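1. I would like to see how this sequence folds:
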Amino acid sequence: MNHLLPLVIVTPLLGAALLVAAGRFVPRPAAEALACALTAATAALALHLLLHASSPVVDWLGAWTPRNGHSVGIVLHADRLALGTAALVSLLVLAVLVYSWRYFDEPPRKHAGSFPALVLLFQAGMCGFVLTGDLFNAFVFFELMGVVAYALTGYRVEAAKAVQGGLTFGVVNSLGAYAMLMGIGLLYARTGELAMRHIGAALDARGAPDALVLGAFVLLLTGLLVKAAAVPFHFWLPDAHAVAPTPVCMLLSGVMVELGVYGTARIYWTIFSGPGGIPPETVTRTLLTFGVLSAAVGALMCWYQRHIKRLLAFSTVAHTGLFLIGLALLTPEATGGTALYLIGHAGVKAALFACAGILLDRYGSIDEYALHGRARELRLTALCFTAGGLALAGLPPFGTALGKAVTEEAAGPWLTAVFVLVSAVTGGAVLRVAARVFGGHGTPPAAGEARETSGEGERPETEQQLTRVPATMLAVPGVLLVGALLAGVLPALHSAVGSAADEAAPGVTVALTPPHWSAPGILLGLLSAAVAAGLAVLAVRRPQHTRSRHWLAPLRLLHSGHIGDYVAWTLAGTTLLGALALTGLL
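-> Okay, here's the model as predicted:
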């Protein structure tokens, strides 16, 4: 079983190489079918290892096993949480490839396999990132993921906006990667190890942490929080989502951002959770600060968007904040709840972007005002979009609601209020769009009333503007939402996720019971969904409540689109991380 583990990474890599080599000589349907088959095979292999292999699955590549207690080779270390994440990544990539079947308007002589090859490379980078036990190779896969994401964001390179969004994405994420590489260098200089568990053991053997360990922690966390789009590292995300093709947005918000949160948890648990690492109270204070800040800014900016893709992007920022809050609690209940929340959110957010793509390709617009009442005939899309908004708000029995409820129970009263409000505002913004665009309810605000970025004048991404939505584009959001629903109603899945989270977090006491529904959790979920619906009704009846307020102007102006501003905020975020972490050593 151990020797099957590298195939989870190698299969999509070989598939991408094959598509690049043969893409000019095969028809486009054949290239896309091959990509789907290889992605499905990767998902099946990850699930096979998850269900049948003894956890953790460890493989030292090339048989370069540790010598005299020191690692000299590259190790893949896959516990059940890592294998489950690799399976989730692969299944979502498969959904994206099915959704984008014959999607793009390509010139006749353009390489038929270019887009599926890039998606397979992206899948390989994400799977490698979650399965590796070597810190430097985590950086390598991190960068592979990032480079491919830059290319996918600017895939329609003939459009100036796509180039700008891809460049912003590339610069900010490259800064995060440089920070991560410097942190790896500091740890290697201190321990002489690159295997994560060996680094943790070496730090623990040296005793209490010092400034070097603190600096490494801050630099590693900077790189991961940039990828997770936590405030103030988030500025690249809405700009990238506004210009990236819809299938790419499904991957960015559906799984790549979540991997930043996953990486934060993995790095802390395996390297810094021991006596030679960072004190738990410091980690809690740091992640809580960034979590609450991200949740508040993301929810506020989400509510005042009219560009539907940007609205969904800011909701991702808000939910990243909630994930960080759950991770910051460092309790088994919160860890299991956050893992379930991530699973549910991946399906829901990818489904919502899929619905937004249908609007763009059917009407040539992604603007809430311009689309008012135009999509009445898209009943299935309306159903999926509305269900996605309710799931985002935390309506039981979706997996998002269960993960939210379990985490709230562990969080305490005031953090529970944050979860309820943020879920209600982001879900309410989505429901407001559904009511206006698909139902034609209310009177839309005048086009000149809002200063936020509009979605007018967009060009459809499909071969031509759709007169009839293909079955594949309709089926994918429905299947994703069914998956998010099953994540909330299958007790076996709840138990598996809870035990996998316990296994992956050796410094956290094992939970007494797996994640499960409770009466307070159900009531809080119903409350947040009801508040979301109420906010949507209020916004539809009184459209002035979605107009940008004067007190919001400073926050809106921070999202200037200028790379220099975003670089400055990235450095400010690193400084804040350092200040918060330093308090643990004083």
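2. rest of the way, CA atoms for contacts and neighbours
-> Will do.
3. strands of the stretch 151-300 of the chain, start to end?
-> Taking DSSP state E, counting those that start in this stretch as the test, none of the stretch 151-300 of the chain falls into strands.
4. centroid-wise, who is the farthest residue in the protein?
-> Most distant from the centre of the chain: residue 68, at 39.4 Å, with distances by Cα atoms, centre = their mean.
5. measure residue 535 to residue 310 for me?
-> 19 Å (Cα to Cα, to the nearest Å).
6. what of residue 84?
-> 29 Å.
7. with residue 145 instead?
-> Applying Cα to Cα, the value for residue 145 to residue 310 is 22 Å.
8. and for residue 254?
-> Residue 254 is 14 Å from residue 310, by Cα to Cα.
9. same check, this time on residue 384
-> Where residue 310 is concerned, residue 384 sits at a distance of 19 Å (Cα to Cα).
10. now name the helix or strand holding the nearest residue to residue 424 once chain neighbours are set aside.
-> Leaving aside its sequence neighbours, residue 424 sits nearest to residue 532 (Cα to Cα, 6 or more residues apart in numbering; 4.3 Å). Assigned by DSSP states H and E, residue 532 belongs to helix 519-541.
11. and for whichever helix or strand comes after that helix, what's in contact with it?
-> Downstream of helix 519-541, the next assigned helix or strand under DSSP H and E is helix 553-558. With Cα atoms under 8 Å, 6 or more residues apart in numbering as the test, helix 553-558 has contacts from 301, 565.
12. buried sites along helix 553-558?
-> By neighbour count on 16 or more other Cα atoms under 10 Å, the buried set for helix 553-558 is residue 556.
13. what mean pLDDT would you report for stretch 522-536?
-> Mean pLDDT, stretch 522-536: 96.
14. off-centre distance for it?
-> 24 Å (Cα atoms, centre = their mean, to the nearest Å).
15. so how far is residue 405 from residue 304?
-> Applying Cα to Cα, the value for residue 304 to residue 405 is 27 Å.
16. repeat for residue 292
-> With distances taken as Cα to Cα, residue 292 is found 17 Å from residue 405.
17. the two - which one has more neighbours?
-> Neighbour count, other Cα atoms under 10 Å: between residue 292 and residue 405, residue 405 has more, with 32 against 24.
18. how about the nearest residue to the more buried one, chain neighbours excluded?
-> Nearest to residue 405 is residue 521, by Cα to Cα, 6+ apart, at 4.5 Å.
19. so what's the one you found up against?
-> With Cα under 8 Å, 6+ apart, residue 521 has these contacts: 402, 405, 406, 408, 409.
20. worst-scoring helix or strand of this protein, pLDDT-wise?
-> Among the helical and strand segments of the chain, the one scoring lowest on mean pLDDT, DSSP states H and E is helix 553-558, with a mean of 79.
21. which outside residues touch the following helix or strand past it?
-> For helix 553-558, the following helix or strand on the C-terminal side (DSSP H and E) is helix 563-582. If you take Cα under 8 Å, 6+ apart as the criterion, helix 563-582 is touched by 168, 171-172, 175, 214-215, 218-219, 222, 226, 231-233, 235-236, 282-283, 285-286, 558.
22. how about stretch 498-508?
-> Under the contact criterion Cα under 8 Å, 6+ apart, stretch 498-508 has outside partners 79-81, 266, 269-270, 273-274, 330-333, 335-337, 339, 509-511, 514-515.
23. not counting sequence-adjacent ones, nearest residue to the residue nearest to the spatial centre of the chain?
-> Nearest residue to the geometric centre of the chain (Cα atoms, centre = their mean): residue 257, 2.7 Å. Once flanking residues are discounted, residue 257 sits nearest to residue 228: 4.3 Å by Cα to Cα, 6+ apart.
24. over to residue 530?
-> Closest to residue 530 by Cα to Cα, 6+ apart is residue 424, at 7.9 Å.
25. tell me who's in contact with the one you found.
-> Per Cα under 8 Å, 6+ apart, neighbours of residue 424: 393, 394, 528, 529, 530, 531, 532.
26. per-residue pLDDT, residue 585?
-> 66.
27. domains of the protein?
-> Domain assignment for the chain, taken from automatic domain parsing, gives 151-278+559-586, 283-445+471-539.
28. closest to residue 56 out of these?
-> Closest to residue 56 of the domains of the chain, according to Cα to Cα: domain 283-445+471-539, at 9.0 Å.
29. got the end-to-end distance for that closest one?
-> 39 Å.
30. again, but for stretch 366-380
-> Termini of stretch 366-380 sit 18 Å apart (Cα to Cα).
31. now do that stretch, average pLDDT.
-> In this model, stretch 366-380 carries a mean pLDDT of 91.
32. ok, stretch 305-324 next?
-> 95.
33. with stretch 484-494 instead?
-> On average, stretch 484-494 scores 91.
34. buried residues, it. List them.
-> Result for stretch 484-494 [16+ other Cα under 10 Å]: buried residues 484, 485, 486, 487, 488, 489, 493, 494.
35. show me the shaky parts of this protein.
-> Confidence mapping of the chain against pLDDT under 70 gives the ranges 102, 104-113, 157-160, 444-458, 460, 463, 506-512, 544-551, 584-586.
36. if we can go back for a sec, and among the domains of the chain, the most buried is which?
-> Most buried of these by mean neighbour count (mean count of other Cα atoms under 10 Å) is domain 283-445+471-539; its value is a mean of 23.
37. now do the least confident helix or strand of the chain: distance to the chain's middle.
-> Distance of helix 553-558 from the chain centroid (Cα atoms, centre = their mean) equals 24 Å.
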